[in-house]
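> Next one to model:
(one chain, ligands or ions: 2)
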Amino acid sequence: MEIYCPKCTWEPGPHSRWMCHCGHHWNAFETQGRCPQCHFRWQHTQCHACAEWSPHVDWYHDLPEIDLEAMLEEVAEAKQAEPQQRLRGTGHP
Ligand SMILES: [Zn+2]
Ligand SMILES: [Zn+2]
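Numbers count the residues shown, from 1 in each chain. Ligands and ions are numbered 1, 2, ... in the order given. Here you go, the predicted model:
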């Protein structure tokens, strides 16, 4: 699977980390944006290179269509619950 920033094509590395509102740091692309500690599903992910926000699903570029649909459905459900939540990068590529 190819994963990179839809705005600048930066690729998250195995040591890239994002920070959840619960204080947990982890690689968001290992869990499709879901925090492993509090299980919150993040819809927007910040790029560590250009600092732009993009929908988490936009980072996946060769996802099988059926998986993408399932993910979008989950995102739509999460969006109804928490419309303003955004996953902030730690600033360390
Ligand atoms: Zn970027
Ligand atoms: Zn969390």
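
> what residues does this structure put near ligand 1?
Counting by CB under 5 Å from the ion, the residues of the chain close to ligand 1 are 5, 7-8, 10, 47, 49-50. In this view, the C-beta of every residue, glycine as well, is placed from N, C-alpha and C.

> Beyond the lowest-mean-pLDDT helix or strand in the chain, next helix or strand please.
Every helix and strand in the chain was compared by mean pLDDT, DSSP states H and E; the lowest is helix 65-81, with a mean of 66. Next helix or strand after helix 65-81 toward the C-terminus (DSSP states H and E): strand 88-89.

> any weak-confidence spans in this structure?
Within the chain, the segments meeting pLDDT under 70 span 63-69, 72, 75, 77-85.

> which residues of it fall in strands?
Assigned by DSSP state E, the chain shows strands spanning 18-19, 25-26, 44-46, 53-55, 88-89.

> which helices and strands does the fourth one pack with?
Contact analysis of strand 53-55 by 3 or more CB pairs under 8 Å, 6 or more residues apart in numbering; DSSP states H and E lists strand 44-46 as its packing neighbours.

> Present the strands of the chain as JSON lines; the columns should include mean neighbour count and distance to M71.
JSON lines is the format used below for the strands of the chain (neighbours: other CB atoms under 10 Å; distance: least, CB to CB, whole Å):
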{"stretch": "strand 18-19", "mean neighbour count": "19", "distance to M71": "17"}
{"stretch": "strand 25-26", "mean neighbour count": "14", "distance to M71": "18"}
{"stretch": "strand 44-46", "mean neighbour count": "20", "distance to M71": "13"}
{"stretch": "strand 53-55", "mean neighbour count": "16", "distance to M71": "10"}
{"stretch": "strand 88-89", "mean neighbour count": "17", "distance to M71": "20"}
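
> Up against ligand 2, what does this protein have?
Near ligand 2, when you scan the chain using CB under 5 Å from the ion, you find 20, 22, 24, 35, 37-38.

> Now the buried members of those residues.
20, 35 (16 or more other CB atoms under 10 Å).

> Going by distance to ligand 1, which of the residues of the chain next to ligand 2 wins?
Distance to ligand 1 across those (CB to the ion) is lowest for C20, with 20.1 Å.
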